[in-house]
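> Need a 3D model of the following:
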Amino acid sequence: MEISLNGQNAFLVKTVSGTVICDPANEDEATFVPSSAADDTVVTAVLRSRPANSTFRRSGRFAGSDVISHPGEYEIGDLGLRGIPLPIEEESKKTVTSFRIDAENMAVFMLGRPKTSPDSRTVQAIGHVDVLLLDAARLEMDVKELSSLIGALDPSIVLANGFDADSEEASPMLKSLLGETGGNQANSDPQLRVSVSKRNLPDDRQLVVLRPRS
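Reported below is the predicted structural model:
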């Protein structure tokens, strides 16, 4: 499994069972940008946590990709997808959709953009997580609450965006997250892509910052 950024914010999760783009912010991020190492990529689905906020339309090469934005169980070929509703704010009936992606005997969880952490029942429903995707560029959750959620989900790897490749500056949320976990921008060494397999999952949790393509 290979995970990178598609554009500035969206995560691109490429597996042997299919490829998904997670929560694109605009039309460019909803369309795969090929590179020399990924010309063979076929996008299976586009996952959106807040469908009402999306103003772009599917077009061009990926007009046939499934767009999923609601809770439920989905199977696209060998790729397992589960949309899980999370409240936007405490005591709010409005929700965002987080997604659990099951492929290659691993579980990847896209948190989406809630403003409060899920309750214990929802955490139990999410289940075991190997890799957690955090949108530190747009997430508005309190960082201590987020740190507590990470502890509850107990992923082996946390992948975060929020690093600007041009200015080499981290977003405020990413800086706070790195500070909360004892890291900093200098030693986080932002990566262009990360390859993950069940065999190479670390024993101790790792926080990895992904940087966008230049």
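> Identify the bridge partners of residue 3.
Note on residue 3: beta-bridge partners residue 13, residue 194, judged by DSSP bridges.
> show me what contacts it?
For residue 3, the contacting residues are 11, 12, 13, 14, 108, 131, 133, 159, 193, 194, 196, 210, taking CB atoms under 8 Å, 6 or more residues apart in numbering as the criterion. Quick note: C-beta positions are derived from backbone N, CA and C, even for glycine.
> per-residue pLDDT, it?
Predicted confidence (pLDDT) for residue 3: 96.
> Which secondary structure state does the nearest residue to residue 117 once chain neighbours are set aside sit in?
Residue nearest to residue 117 in three dimensions, not counting chain neighbours: residue 149, with 4.3 Å by CB to CB, 6 or more residues apart in numbering. The local conformation at residue 149, judged by DSSP: H, G, I helix; E, B strand; the rest coil, is helix.
> Please apply the same query to the one 3 residues further on.
Following three-state DSSP, we place residue 152 in the helix state.
> so who does it touch?
Under the criterion of CB under 8 Å, 6+ apart, the contact partners of residue 152 comprise 117, 120, 123.
> List just the nearest of the residues you listed to residue 172.
For residue 172, the closest of those turns out to be residue 117, at 18.6 Å, with distances computed as CB to CB.
> Between the contacts of residue 152, which sits nearest residue 166?
The nearest one, if we look at the contacts of residue 152 relative to residue 166 and count by CB to CB, is residue 117, at 32.0 Å.
> Can you get me a residue count around the closest one?
Residue 117 sits with 22 neighbouring residues when counted by other CB atoms under 10 Å.
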